[in-house]
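Have a look at this prediction, sequence included:
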Amino acid sequence: MDWQTAFEVGLDYRTFLEVHGAASHRDRWQAIYRRVDLSPSQLALLGGFARRMNVLCLAGTWCGDCASQCPILQRFAEATDAIALRFLDRDQHLDIQSRLTINGGQRVPVVVFLSEDFHECGRYGERTISKYRELARTLTGAACPTGIGSNDETLPASVTAEWLTEFERIQLMLRLSPRLRQLHGD
C-alpha cells in the first residue's frame, strides 16, 4: 500500500468535518472535542515526542465511535508538532477501506501509524478495551449501542489514556528504531 499517497490526500480534522459532515455530525464531534481534557502528564508525554509520526485515520463523520474517539486524536496532534494527523472518509476511499477491515468488517475508526518516511508501524481501532468492556456490560438482546453516549463517567478518560498508550508505543518504536537513529545520528 502506498501510505504516503493516502496520507497526502487525507484531510486535517476541521476540513474533514466540513467536507464530510452534516451540521449534526460536526456538532457531535465538536461537543466531544470540547470535553477532551488532557492532563499535565499527558501533555508532557506528548510534548516529549521526538520523532515525527504520520497518523492516518479512516473514519466516518456519521459514526458514533468516530465522534467519541477522533477528537481525542486531534487533541494529541495539537499537543505536539511530532504528530501529523490526517483523516480519510471510509466511504470515499474504498481501496483503503478494503485494506483496513477488522474482523472481516468495514469498521471505523481505524488508525494507521506511519514513520516520517511512511513505513507502516502499526494499526489501531476501532474501539479501545474500555469501550469494549462497557459494550459487553451493556449489550442486551438485539440492541446495539450507538457509541455516542455512556453511563460510565470514567470512560472518556480511560479511552483517552488507552489511545495515548498506543501513540506512545509507536513513538518509542520510532525513537528506538536503529534505522531512524542512524538517520538522525542519535
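On my side now, so go ahead. Numbers count the residues shown, from 1 in each chain.

what stretches of the protein score poorly on pLDDT?
Counting by pLDDT under 70, the chain has low-confidence residues at 140-152.

would you list every one of the helices in it?
According to DSSP state H, the chain carries its helices in the segments 3-9, 13-20, 23-35, 40-47, 64-79, 94-99, 129-138, 155-176, 178-184.

now, of those helices, which is deepest in the fold?
Ranked by mean neighbour count under mean count of other C-beta atoms under 10 Å, the helices of the chain are led by helix 64-79, which reaches a mean of 23. C-betas here are computed from N, CA, C, even on glycine.

what's that helix packed up against?
helix 13-20, helix 23-35, helix 40-47, strand 53-59, strand 83-89, helix 155-176 (3 or more C-beta pairs under 8 Å, 6 or more residues apart in numbering; DSSP states H and E).

Out of the ones you listed, flag the one nearest Gly105.
Of all these, strand 53-59 sits nearest to Gly105, with 12.7 Å by C-beta to C-beta.

Which strands border that closest one, and is each parallel or antiparallel?
strand 83-89 (parallel), strand 110-114 (antiparallel) (DSSP bridges).

re the thing from before, any chance of a markdown table for the helices of the chain, columns distance to Asp117?
Formatted as a markdown table, these follow (distance: least, C-beta to C-beta, whole Å):
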| stretch | distance to Asp117 |
| --- | --- |
| helix 3-9 | 8 |
| helix 13-20 | 23 |
| helix 23-35 | 30 |
| helix 40-47 | 21 |
| helix 64-79 | 19 |
| helix 94-99 | 19 |
| helix 129-138 | 31 |
| helix 155-176 | 10 |
| helix 178-184 | 8 |
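
how about these, which one is nearest Pro109?
The closest of the helices of the chain to Pro109 is helix 64-79. By C-beta to C-beta, the value is 4.8 Å.
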